[in-house]
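1. No sequence on hand, only this structure:
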């Protein structure tokens, strides 16, 4: 199984007393989302399931990809790494899964899957971490397939 963790692109700061879920991408964030979407689109299988946080900044990031996606409240801000992993169906899903979500959840999920222990890893705004589950000698392994930042494109 492939699991791609895509952090939303740069967003406006939250206004005092404002609704965090309504924060929008900045102009720079829109550019980041477009660059990463182009990179991802050339590499993702057509069968990839796309799961997106209900936060507007994640919705806008995912829309740059131009594919159908499903909004999943279980991966909203404040979700746990375990909730994200369960929503993705790791490691048993038959199709690749792309999750568009938030820090610190994405970094914590990557750490849990790669290192086997909860840690606070940082995923840059707009970046994607591509993880792959494989079986070798009857043991399940998680491989870091790719990490890409929109600023490197």
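-> Structure's in. What do you need? None of the values given here were measured: they were computed from a predicted structure. Numbers count the residues shown, from 1 in each chain.

2. residue boundaries of the strands in the chain?
-> Counting by DSSP state E, residue ranges of the strands within the chain are 2-7, 49-52, 70-71, 97-101, 128-136, 139-148.

3. and the gap between residue 132 and residue 76?
-> Taken as C-beta to C-beta, to the nearest Å, the spacing of residue 132 relative to residue 76 amounts to 26 Å. C-beta: built from backbone N, CA, C; applies to glycine.

4. Could you pull out the buried residues of stretch 78-93?
-> Taking 16 or more other C-beta atoms under 10 Å as the basis for neighbour counts, the residues of stretch 78-93 that come out buried are 79, 80, 81, 83, 84, 85, 87, 88, 90, 91.

5. Mind listing what's buried along the longest helix anywhere in the chain?
-> Looking only at the chain and at elements set by DSSP state H, the helix with the highest residue count is helix 27-41. With burial defined by 16+ other C-beta under 10 Å, the residues of helix 27-41 counted as buried are 29, 30, 31, 32, 33, 34, 35, 36, 37, 39, 40.

6. Any chance you could list what contacts stretch 127-145?
-> For stretch 127-145, the surrounding residues in contact (C-beta atoms under 8 Å, 6 or more residues apart in numbering) are 1-7, 36, 39-40, 90-91, 106, 110, 113-114, 123, 146-150.

7. Next, the buried residues of it.
-> Residues of stretch 127-145 classed as buried: 127, 128, 129, 130, 131, 132, 133, 142 (neighbour count, 16+ other C-beta under 10 Å).

8. Low-confidence ranges, the protein, go.
-> Scanning the chain with the threshold set as pLDDT under 70 gives no residue ranges.

9. Excluding residues flanking it in the chain, which one is nearest residue 85?
-> Closest residue in space to residue 85, ignoring its immediate chain neighbours: residue 109 at 5.7 Å, by C-beta to C-beta, 6 or more residues apart in numbering.

10. Same check on residue 79?
-> residue 105 (5.0 Å).

11. Do I have it right that that neighbour meets residue 82?
-> No: proximity of residue 105 to residue 82 does not meet the contact threshold set by C-beta atoms under 8 Å, at 9.8 Å.

12. Before I go, just wanted to say thanks for your time.
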